[in-house]
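*Asks:* Got a predicted structure here, sequence first:
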Amino acid sequence: MFELNLFDESRDDRGQVGIGTLIVFIAMVLVAAIAAGVLVNTAGFLQATAEEAGQESVDKVTNRIEVVNQHGTVGSNDDIANITMTVRLAAGSSSVNMNTTSIKYLSDTQVTTLTNSTDQSADAGNFSLAKVTDDDNSFGVLNSRDDRYEVTINTSAIEDSNNVVGLDTGSKVQLDITSQTGGTTQVILTMPQQLAGNQPGEPVKL
């Protein structure tokens, strides 16, 4: 067995002491503290970014509207001159501001993006909005599943700048309704196969 003699003066093992060693030790502590601070700040930034990105993704899925029903209005040339849709909040959606909502209109002959024009009739660049039910006088913002608004699209103005030709019988139109947060509802409507016997201004089911 080996015996360790702590009082053997012939041993060369010595501890490092002095101001130089203290300076090196303090420097190591400072470097470790700075590195730890950088790591903590970076982790916090990444967490905040991930939460923001996650919330944006959720909003794109949930913050959108639902089309309850729709109808067309017969034009003067056996066409559909207007499309009217009744909308409400989709299930699980938070408030949707219709004033900042856009509608992409795509037919066989035209493609355009419409914005809200509450204070005037629908035209080639705007859809109009009308209140059906709104319990808290927040017209323009859907903030309850009980709210109902009517969205009107002037297909005659979009399809022909002279308001002569609307959507022909049997034609289709795709509407992508996108809220400010990116939530999108797609609606594909088919015009009636024939309008014989229908008078101009008369509503027809789509």
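*Replies:* On my side now, so go ahead.
*Asks:* What strand or helix carries residue 112?
*Replies:* strand 111-116 (DSSP states H and E).
*Asks:* who does the next helix or strand after that strand pair up with?
*Replies:* Using DSSP H and E, the helix or strand that follows strand 111-116 towards the C-terminus is strand 126-133. The pairing partners recorded for strand 126-133 under DSSP bridges are strand 111-116 (parallel), strand 148-154 (antiparallel).
*Asks:* Could you give the average pLDDT over strand 126-133?
*Replies:* For strand 126-133, the mean per-residue pLDDT is 94.
*Asks:* Extract the C-alpha set from that strand and format it as CSV.
*Replies:* Backbone C-alpha positions of strand 126-133 (Å, rounded to 0.1, in the frame of the first residue of the first chain) are rendered in CSV as follows:
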residue,chain,number,x,y,z
ASN,A,126,-65.2,47.1,-54.6
PHE,A,127,-67.8,45.0,-53.0
SER,A,128,-70.5,46.5,-50.8
LEU,A,129,-71.5,45.5,-47.3
ALA,A,130,-74.9,45.7,-45.7
LYS,A,131,-76.0,44.9,-42.1
VAL,A,132,-78.5,42.1,-41.5
THR,A,133,-77.9,41.6,-37.8
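*Asks:* looking at the strands paired with strand 126-133, which is buried most?
*Replies:* Ranked by mean neighbour count under mean count of other CB atoms under 10 Å, the strands paired with strand 126-133 are led by strand 148-154, which reaches a mean of 21. The C-beta positions use only the backbone N, C-alpha and C, and glycine is treated the same way.
*Asks:* Give me the three-state assignment for residue 23.
*Replies:* Put simply, residue 23 is helix when judged by DSSP: H, G, I helix; E, B strand; the rest coil.
*Asks:* Quick one: neighbours of it, just the number.
*Replies:* Using other CB atoms under 10 Å, residue 23 has 10 neighbouring residues.
*Asks:* List the contacts of the strand holding residue 112.
*Replies:* The contact list for strand 111-116 (CB atoms under 8 Å, 6 or more residues apart in numbering) reads 98-105, 122, 124-129, 140, 153, 158.
*Asks:* got the residue ranges for the strands in this protein?
*Replies:* 65-74, 80-89, 96-97, 102-107, 111-116, 126-133, 141-142, 148-154, 172-178, 184-190, 203-205 (DSSP state E).
*Asks:* Now do the most centrally placed residue in the chain against residue 140, distance only.
*Replies:* By CA atoms, centre = their mean, the chain has its centre lying nearest to residue 182, at 1.6 Å. Residue 182 sits 19 Å away from residue 140, going by CB to CB, to the nearest Å.
*Asks:* Likewise for residue 74?
*Replies:* Residue 74 is 29 Å from residue 140, by CB to CB.
*Asks:* give me the number of residues near residue 21?
*Replies:* Neighbour tally, residue 21, other CB under 10 Å: 11.
*Asks:* returning to that earlier point: more crowded one of residue 74 and residue 140?
*Replies:* Comparing residue 74 with residue 140 by other CB under 10 Å, the one with more neighbours is residue 74, at 20 against 15.
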